[in-house]
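Trainee: Okay, structure incoming, though there's no sequence with it:
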């Protein structure tokens, strides 16, 4: 497709190329060696978890639907299937007709960062769903 000099093209590099790691490093989420920086990943997970929660409860208005989706996330988390959790998160954003936040997309190509992010994301989602009464927590266990 040709573009005129006044038009710009939006290009989103794939998350599996080297630029995703560089971007995450620039954002302070990864060290220059590619290791996740825990406090930054934690803050990022809190922000993304909070944003997701708002759209999640707006889409699935029935508590039973919320709990069913939440349980699927927990099943994947329990199995440490972070790549499948990522895909499931993408599906939820698709259902919400919302774009996946780009920094989350960049995590897809960084297995260690994704493994650090997904449990923290779920901690935030669990906390918010517990506070809202969608799930119950007792003795360190959460039931949906």
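Mentor: Thanks, I have the structure now. Owing to the predicted nature of the structure, the values given are computational and were not obtained by experimental measurement.

Trainee: contacting residues for residue 48?
Mentor: 101, 103, 104, 121, 124 (CB atoms under 8 Å, 6 or more residues apart in numbering). (Each C-beta comes from the backbone N, C-alpha and C, glycine too.)

Trainee: 7 Å instead?
Mentor: 101, 104, 121 (CB atoms under 7 Å, 6 or more residues apart in numbering).

Trainee: Closest to residue 73 out of those?
Mentor: Nearest to residue 73 among the contacts of residue 48: residue 121, at 8.8 Å, using CB to CB.

Trainee: The closest one against residue 43, yeah?
Mentor: No. At 11.7 Å, residue 121 does not count as touching residue 43 under the criterion of CB atoms under 7 Å.

Trainee: Mind checking which of the contacts of residue 48 land in helices?
Mentor: Secondary structure from DSSP state H places 104, 121 of these in helices.

Trainee: Strands of this protein, start to end?
Mentor: Along the chain, counting by DSSP state E, strands occupy 136-138, 141-143.

Trainee: what's the least confident stretch among those strands?
Mentor: The minimum mean pLDDT among those belongs to strand 141-143 (a mean of 56).

Trainee: In the protein, which residue is most central in space?
Mentor: residue 104 (5.6 Å; CA atoms, centre = their mean).

Trainee: Identify the bridge partners of residue 30.
Mentor: residue 36 (DSSP bridges).

Trainee: contacting residues for it?
Mentor: The contact partners of residue 30, taken as CB under 7 Å, 6+ apart, are 21, 24, 36, 37, 110, 113.

Trainee: Can you give me the distance of the last one to residue 103?
Mentor: Counting by CB to CB, to the nearest Å, the gap between residue 113 and residue 103 amounts to 10 Å.

Trainee: Where does pLDDT dip in this protein?
Mentor: 1-18, 138-144 (pLDDT under 70).

Trainee: Repeat the analysis, applying 90 as the threshold.
Mentor: 1-37, 60-61, 102-103, 105-111, 136-144 (pLDDT under 90).

Trainee: Which positions in stretch 85-102 come out as buried?
Mentor: The neighbour-count check on stretch 85-102 (16 or more other CB atoms under 10 Å) flags 85, 86, 88, 89, 92, 93, 100 as buried.
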